[in-house]
Each structure stands twice: as structure tokens, then as C-alpha cells.
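Engineer: Based on what follows, work out the 3D shape:
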Amino acid sequence: MPSRIIAPSELIINADGSVFHLHMRPEQLADTIILVGDPARVELIAKRLDSIESRAENREFNSATGYFQGKRMTILSTGIGIGNIDIAMTELDALANIDFATRTEKEQRRQLTILRLGTSGALQEDIEVGDVVFARTSLGFDGLLGFYAHRNEVCDLALEEAFVEHTAWSELMPRPYFVDASEELWEAFKDSTTEGITIASPGFYAPQGRWVRLKPADEQMNQKIEAFRHNGRRITNYEMEGSAIAGLAALMGHRAATMCTIIAQRVAKKANTDYKPFVERMIDMALERLAKF
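Structural biologist: Numbers count the residues shown, from 1 in each chain. As a prediction, the model looks like this:
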């Protein structure tokens, strides 16, 4: 059976041979990728590399590919939100697994290792500002994965059903989904992080239970989330990207995970805006572990 040819409208390739949004060419992509939200954080990590071989920049998508302790890595910023992750993950996979000349899938599949380093707000009293939470499972409030075929094959449906029942989840909101991180990445980081079920929210305010002027549809949602337990596990923190990374990676056959530094305590209603030292500590740990991965 002949390979499907991907139309120019479905995968846009720039005149210089780079993919549409990321402005990266296939040869610029390493097998190990660190994702960050803030474009400035790319520079924070890049200055720790031993050498840099290429850079690319377009909108919020900044990247640097180089070496750390002999390991080739790509650092990429995605900006904020699930929509940007849909772009980033799809284009990273295309760089790895699509032949840009023929617009067909390569016969030899390339597996990427993708680690998001982010910041987050804790939903349990014992998780403190400065702690690092590893999202062993990501919980998506965004609905993105439902737009892709085979969604249920990579989701924990029993956990999903228990959560929907516990929270009396509204039918007006996208159905939540749970996807596990790479078990290999968890093994690499478990001795230095707190295990978590991390929510990826489609917004920063009402979708995370914040009330400024507009009232959240369910004022008690965070209390319900805090109280939820399933087979001894609990939901630990909020961020805004991890579920799409975990879900799309699982569908594509890549290894992925999200790890976040806690900068706000939602239960105690405290936050720390001077969190850069905590983030730098997480970056150093991630680089050291990934270099040996």
C-alpha cells in the first residue's frame, strides 16, 4: 500500500526547508528535547550547554540545539497553553518522522524523549513552594485529545470515570482525560521529585478556580479536586500544558513527561514571584539526569 502523501495545506514547510511554526529543519532536531514555556528560559538553559550548533526563532517558539556532557539536546519554548503544545508536538514529530521531500512518513520511526520543565501551583497542603512535582499522570481539562483518533487507547478510563463522578463534572466542559508519563523518565527522576497527578488547565483564572471579576462555574471545584483519591493516589498541582504533551506523545510513540517547580500554594493562598533560584535548581537536575538517560 503506497504511503499517504501529506498535502501542503496539512503540513506547511517554509521555503528554507523548515517546518511552519517552529522554523526548525529536520537536521536541527535532537532526540532529547526540553520544553519550556518562557522563551527567555531557553537562554537560561542554553548558557549551561557545552556547545550550541543551531538556533531558530519564530514568535514564541525559540530553540537551541547543542551538547551537554556529550548528549545532544534541543531546548524549545512553546509559550503558554495547550494550543501551542498541539503545534509544537505535531511539528517536532514531523521533523523526526516525516520525509519533507516526499511528504510521506519515514519507514524507520524515530522516538523522541521530551521533558517539559514548568512552574505550577500546589493543590495539597504538604507540597511546598520550591518543591518539584513530576507528573507521573497528567490530567487534561483542555479537551484536545478528543480531537484525535484512538484517544481512549492511551487514557486511564477508570481514573477518568472516578474523577468525573467525584466532581459531578459539568457536561458543558470538555471531558477530562488522564495520561501517564513515560515510566522510564519517572524512574530517572523519582528519587528527586514528588510524584503527582498534575492538571493541565486551558486557562489561568476560572479554569484553575480563580475568581477575579468573573465567577467560576463551580466555586467548590478546587476543594473537590483536593479531596479526590483513587487507589491511594491524589491530584497534586495545576499547570497548563502537560496533558497535551503526555497524550500526543503516547499516540505518536514518544517518551514524554512534565516536571514543575511549585511557585504557588493554592490551599494556603500563597505565592512566590521570586522563584528563579528554584527553577534553576530544577534545570540543573534535569540536565544532569537527561545527559545520562
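Engineer: now the helices for the stretch 101-250 of the chain?
Structural biologist: Counting by DSSP state H, counting those that start in this stretch, the stretch 101-250 of the chain has helices at residues 157-167, 183-189, 221-227, 242-252.
Engineer: Just want to check the distance between the closest residue to Asp218 other than its chain neighbours and Glu226.
Structural biologist: Spatial nearest neighbour of Asp218, excluding adjacent residues (C-beta to C-beta, 6 or more residues apart in numbering): Ser170 at 6.9 Å. Placement of C-beta: from N, CA and C, glycine included. With distances taken as C-beta to C-beta, to the nearest Å, Ser170 is found 18 Å from Glu226.
Engineer: One more: His21?
Structural biologist: In terms of C-beta to C-beta, His21 sits 37 Å off from Glu226.
Engineer: what's the spacing between Gly118 and Gly37?
Structural biologist: 6 Å.
Engineer: what does Thr194 give?
Structural biologist: Thr194 is 20 Å from Gly37, by C-beta to C-beta.
Engineer: Check Ala291 too.
Structural biologist: To Gly37, Ala291 is 23 Å away according to C-beta to C-beta.
Engineer: Poorly predicted segments of this structure, please.
Structural biologist: Across the chain, the ranges flagged by pLDDT under 70 are 1-2, 268-269, 272.
Engineer: Who has more neighbours out of Ser170 and Glu226?
Structural biologist: Counted by other C-beta atoms under 10 Å, Ser170 and Glu226 do not tie: Glu226 has more neighbours, with 16 against 11.
Engineer: Quick one: residues contacting the more buried one.
Structural biologist: Glu226 makes contact with Leu123, Gln124, Ile235, Val267, according to C-beta atoms under 8 Å, 6 or more residues apart in numbering.
Engineer: go with 10 Å
Structural biologist: Glu226 makes contact with Ala122, Leu123, Gln124, Glu125, Arg234, Ile235, Thr236, Arg266, Val267, according to C-beta atoms under 10 Å, 6 or more residues apart in numbering.
Engineer: before we move on, what about Ala257?
Structural biologist: So, once contact is read as C-beta under 10 Å, 6+ apart, Ala257 ends up touching 113-116, 134-136, 138, 180-186, 188-189, 193, 198, 242, 245-246, 249.
Engineer: again, only this time at 8 Å
Structural biologist: 114-116, 134-136, 181-182, 185-186, 189, 245-246.
Engineer: Format the residues you listed as JSON lines; extra columns: distance to Ala30 and neighbour count.
Structural biologist: Formatted as JSON lines, those follow (distance: C-beta to C-beta, whole Å; neighbours: other C-beta atoms under 10 Å):
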{"residue": "Ile114", "distance to Ala30": "11", "neighbour count": "27"}
{"residue": "Leu115", "distance to Ala30": "12", "neighbour count": "26"}
{"residue": "Arg116", "distance to Ala30": "16", "neighbour count": "29"}
{"residue": "Phe134", "distance to Ala30": "22", "neighbour count": "22"}
{"residue": "Ala135", "distance to Ala30": "22", "neighbour count": "32"}
{"residue": "Arg136", "distance to Ala30": "24", "neighbour count": "24"}
{"residue": "Ala181", "distance to Ala30": "20", "neighbour count": "27"}
{"residue": "Ser182", "distance to Ala30": "17", "neighbour count": "19"}
{"residue": "Leu185", "distance to Ala30": "16", "neighbour count": "22"}
{"residue": "Trp186", "distance to Ala30": "21", "neighbour count": "18"}
{"residue": "Phe189", "distance to Ala30": "19", "neighbour count": "21"}
{"residue": "Ile245", "distance to Ala30": "17", "neighbour count": "29"}
{"residue": "Ala246", "distance to Ala30": "20", "neighbour count": "34"}
